[in-house]
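> sequence first, predicted model second:
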Amino acid sequence: MTKSEHDDDRALEALFARARSHPPEMPEHLLARVLDDARQLQPTRAGSLFGGWWRMLGGLPGLGGLVTATCVGFWLGVAPPDGMPDLADQILGQQVVMDETAPDLSGFGWDSEEG
């Protein structure tokens, strides 16, 4: 660095120091208006527990997705497709006979046994 660059840095640092010593202040009436606007935009709390749960689920679309996922999960648990291993039969120790015409889904992560 040359001498003039050092002088420029010192002058700039002096300006920054002077600005830090006298920070700008927000007028009280402006601060009050900003806080009032912020309070008005805050969501109100629901009076009932059901309203909070309803909002947390995402309303009717969220509830529809939850019901659909529950029904599909129950259906797959009770009557899995032919190529998919039945976990309930494995837990209960029942002999499972696979259909030879069923597609091989082991490449897609559906196999539950190694070997």
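Perfect, thanks for sending it.
> okay, CA-based contacts and neighbour counts for the rest of this
Noted.
> which helix or strand contains Gly62?
Using DSSP states H and E, Gly62 falls within helix 59-78.
> give me the buried positions along that helix.
Within helix 59-78, no residue qualifies as buried by neighbour count (16 or more other CA atoms under 10 Å).
> now swap in stretch 7-22 and tell me
Under 16+ other CA under 10 Å, stretch 7-22 has no buried positions.
> and it, average pLDDT?
Averaged across stretch 7-22, pLDDT comes to 90.
> count the neighbours of Met84 for me.
Per other CA atoms under 10 Å, the neighbour tally for Met84 reads 18.
> can you give me the pLDDT of it?
70.
> which SS class is it?
Put simply, Met84 is coil when judged by DSSP: H, G, I helix; E, B strand; the rest coil.
> against Asp7, how distant is it?
Using CA to CA, to the nearest Å, Met84 is found at 77 Å from Asp7.
> now Ala32
For Ala32, the distance to Asp7 equals 43 Å [CA to CA].
> cool, and Trp75?
In terms of CA to CA, Trp75 sits 78 Å off from Asp7.
> what does Cys71 give?
According to CA to CA, Cys71 and Asp7 sit 75 Å apart.
> ok, Pro27 next?
For Pro27, the distance to Asp7 equals 36 Å [CA to CA].
> how many neighbours does Pro24 have?
Pro24: 8 neighbours (other CA under 10 Å).
> secondary structure class for it?
Assignment for Pro24 (three-state DSSP): coil.
> numbering from 713 from now on, please.
From this message on, residue numbering opens at 713, which makes the last subject Pro736.
> for it, phi and psi?
phi -70, psi 150 (degrees, to the nearest 10).
> state the pLDDT value of Met810.
62.
> quick check: domain ranges of this protein?
715-753, 770-818 (automatic domain parsing).
> which one of the ones you listed lies closest to Gly764?
domain 770-818 (10.1 Å; CA to CA).
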